[in-house]
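In: Got a sequence here, can you build the structure:
(4 chains)
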2 protein chains.
Amino acid sequence: MNQLLQRVRITVNDRIYLKDPMTSNLGNRILTGSIDLICDMGFEHFTFRKLSQCIKTSEASIYRYFESKNKLLLYLTAWYWGWMEYQLAFSTANIESPTKRLSISLRLLTEPITRVNKDRLLNLKKLYQIVITESSKSYLVKSVDEINKDGVYLGYKNCVGRVSDIVLEINPDYPYPHMLISTVIEGAHHQRYFAAHLPRLTNTSSDCDSVVDFYSKMVFATIGTEHSVLSQLS
Amino acid sequence: MNQLLQRVRITVNDRIYLKDPMTSNLGNRILTGSIDLICDMGFEHFTFRKLSQCIKTSEASIYRYFESKNKLLLYLTAWYWGWMEYQLAFSTANIESPTKRLSISLRLLTEPITRVNKDRLLNLKKLYQIVITESSKSYLVKSVDEINKDGVYLGYKNCVGRVSDIVLEINPDYPYPHMLISTVIEGAHHQRYFAAHLPRLTNTSSDCDSVVDFYSKMVFATIGTEHSVLSQLS
DNA sequence: CGATGGTGATAGTATTACTATCGATGTTGT
DNA sequence: ACAACATCGATAGTAATACTATCACCATCG
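Out: This next block holds a predicted model:
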């Protein structure tokens, strides 16, 4: 990743927060602190009280930024998908072959993030862990439909839409591009979790990243493209 | 489904409960009442207090059966997977062709349950809703590894293992059978949820059940079998 | 008839998820 | 330099949640 990317500002839907946490010192401490805490203790044990003690502020001050811990989780995941959308756009820019663009996109969506990214505001590695383990809790709630009206999930939808469009470039007749890509995204997160905690639900291989390999092959086989095309790329 | 199936008793790992809820009147009320309540208000708003008022008992009495509401959710999902394992075994018994057995299994795993099943103890339709929306919350918790030691997720693992074995019968060299099947299971649940709440993440078609169609074709394409075989079966 | 197990009723505790208020400290425009 | 304003910390308080503990009642079973 280059220096330019590090300076790009990811914007998050302003209906998620009460006060933009990116614009103040306390706001940044809330974000970085919450990533550390949620990653370490899990979202169910994470509270604003614990966060306030961790970043040396008061509970009430945190509530000035986010109306609930659910909104804070929503913010973190929305930021992640905004970041991912940018990665997808940047990494596939100026590449002619749709097959190659799809392959790059699938890799981005399924490979683990290992870079800690300390010079940036947010710890990407920990954020990725949170996305794997906790992000489904941000939409598997009774209030989805209400939250969804505010356009909170647009980043995720844009990622799915963007990659689906590449699928349609390759095979305009494929009927389920959105299903395919959302299956890949959710599936990849689940496989990472299973590998760590419920290994009988997945398969690992020592020589390559089996998750990337599995989903790449799955997608190309499903939309009806030769495997040989894929192997040229890797 | 026939009468025999209705009389088969699904057993659940006895480490999940303190007292077997299947063996008493109150226990059955707890199960049926919790399915109704969790389905209606969502797991996060479900409490033992509300359940006790709903089924006319005391909070303390419910705690004699389950040590927490998480264990109760675990019980419901474990029951579901026990039931599904039985369905898989029964529906594929005495069928020679592995391709046909795989096709049947995939249909079972991905098609919606619409039968209310009132003569049975548990409302299957509502239980299916709970599995779709809430079941991931039973394992996406900090205590997974601890819970997992008690063999609580065996039903799920057995379902994945059983169908994976059929995949290997068809293509013994396929390297990722568990990944493939767990992707199908989780994916199908997600697609049902997306279709209801976040439709831009999925695709629907009016003439057939697109979820069943999508995942069946995906699996056969991925493991390298002709599509024509599939179409013979449906 | 007495022991046992299942149940109902009540009470109590620590924690959580907030809301409200108030005063101190900067920061900005004029 | 000063008023106006936003920001923050500190404290207090509330309703609900997730339990735990105790005790008395009642049916059943040997």
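In: How about A:Leu154, nearest residue that isn't a chain neighbour?
Out: Closest residue to A:Leu154 apart from its sequence neighbours, by C-beta to C-beta, 6 or more residues apart in numbering or on different chains: A:Asn13 at 6.7 Å. C-beta: built from backbone N, CA, C; applies to glycine.
In: now the one you found: how far from DNA strand C?
Out: 19 Å (C-beta to the nearest atom of the strand, to the nearest Å).
In: which stretches of chain A have low pLDDT?
Out: Residue ranges of chain A with pLDDT under 70: A:1-7, A:118-119, A:206-207, A:225-234.
In: The residue nearest to A:Leu154 sits in which helix or strand?
Out: A:Asn13 is part of no helix or strand, with elements assigned from DSSP states H and E.
In: count of residues packed around it?
Out: Look at A:Asn13: counted by other C-beta atoms under 10 Å in any protein chain shown, it has 17 neighbours.
In: How about A:Glu146?
Out: 10.
In: Kindly report the same for A:Glu59.
Out: By the criterion of other C-beta under 10 Å, A:Glu59 has 13 neighbours.
In: residues in contact with it?
Out: For A:Glu59, the contacting residues are A:48-49, A:52, by C-beta atoms under 8 Å, 6 or more residues apart in numbering or on different chains.
In: Could you do A:Thr57 as well?
Out: If a contact means C-beta under 8 Å, 6+ apart, then A:Thr57 has A:26, A:29-30 as its contacts.
In: quick check, nearest of the residues you listed to DNA strand D?
Out: Nearest to DNA strand D out of these is A:Leu26 (C-beta to the nearest atom of the strand; 3.6 Å).
In: tally of neighbours for the closest one?
Out: A:Leu26: 17 neighbours (other C-beta under 10 Å).
In: and what of A:Ala93?
Out: 8.
In: Then A:Asn25?
Out: Neighbourhood size, A:Asn25 [other C-beta under 10 Å]: 7.
In: So what does it look like in phi/psi?
Out: phi -60, psi -50 (degrees, to the nearest 10).
In: residue contacts, it?
Out: Taking C-beta under 8 Å, 6+ apart as the definition, A:Asn25 has no contacts.
In: Pull up the gap between it and A:Thr57, please.
Out: 10 Å (C-beta to C-beta, to the nearest Å).
In: Same question for A:Phe214.
Out: Taken as C-beta to C-beta, the span from A:Phe214 to A:Thr57 is 44 Å.
In: Next: A:Ser34.
Out: From A:Ser34 to A:Thr57 the distance is 12 Å (C-beta to C-beta).
In: Ok, A:Lys69 next?
Out: From A:Lys69 across to A:Thr57, the span is 15 Å (C-beta to C-beta).
In: in stretch A:16-23, what counts as buried?
Out: By neighbour count on 16 or more other C-beta atoms under 10 Å in any protein chain shown, the buried set for stretch A:16-23 is A:16-17, A:21-22.
In: Straight-line length of it, end to end?
Out: Stretch A:16-23 stretches 15 Å from its first residue to its last (C-alpha to C-alpha, to the nearest Å).
In: now check it, is it near DNA strand C?
Out: No. Using C-beta under 7 Å from any atom of the strand, stretch A:16-23 stays clear of DNA strand C, with a minimum separation of 9.4 Å.
In: The contacts of A:Thr57 into JSON lines, with extra columns for distance to B:Gly224 and secondary structure?
Out: Output for the contacts of A:Thr57, formatted as JSON lines (distance: C-beta to C-beta, whole Å; DSSP: H, G, I helix; E, B strand; the rest coil):
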{"residue": "A:Leu26", "distance to B:Gly224": "56", "secondary structure": "helix"}
{"residue": "A:Arg29", "distance to B:Gly224": "52", "secondary structure": "helix"}
{"residue": "A:Ile30", "distance to B:Gly224": "50", "secondary structure": "helix"}
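In: any chance of those residues in a markdown table, with distance to DNA strand C too?
Out: Supplementary listing: the contacts of A:Thr57 in a markdown table, determined by distance: C-beta to the nearest atom of the strand, whole Å:
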| residue | distance to DNA strand C |
| --- | --- |
| A:Leu26 | 13 |
| A:Arg29 | 17 |
| A:Ile30 | 14 |
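In: Mind exporting the C-alpha coordinates of stretch A:53-72 to CSV?
Out: The C-alpha trace of stretch A:53-72 is given here as CSV (Å, rounded to 0.1, in the frame of the first residue of the first chain):
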residue,chain,number,x,y,z
GLN,A,53,-12.0,3.9,32.0
CYS,A,54,-9.6,2.6,29.3
ILE,A,55,-9.4,5.9,27.5
LYS,A,56,-9.6,8.1,30.6
THR,A,57,-12.8,9.9,30.0
SER,A,58,-16.4,9.7,31.3
GLU,A,59,-19.2,7.5,30.2
ALA,A,60,-21.3,10.6,29.4
SER,A,61,-18.7,12.0,27.1
ILE,A,62,-18.8,8.8,25.0
TYR,A,63,-22.5,9.1,24.7
ARG,A,64,-22.0,12.5,23.1
TYR,A,65,-20.5,10.7,20.1
PHE,A,66,-22.5,7.6,19.9
GLU,A,67,-26.0,7.0,21.2
SER,A,68,-25.4,3.3,21.9
LYS,A,69,-22.7,0.7,21.7
ASN,A,70,-24.6,-0.8,18.7
LYS,A,71,-24.1,2.4,16.8
LEU,A,72,-20.5,2.4,17.6
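In: which SSE is A:Tyr215 in?
Out: helix A:210-223.
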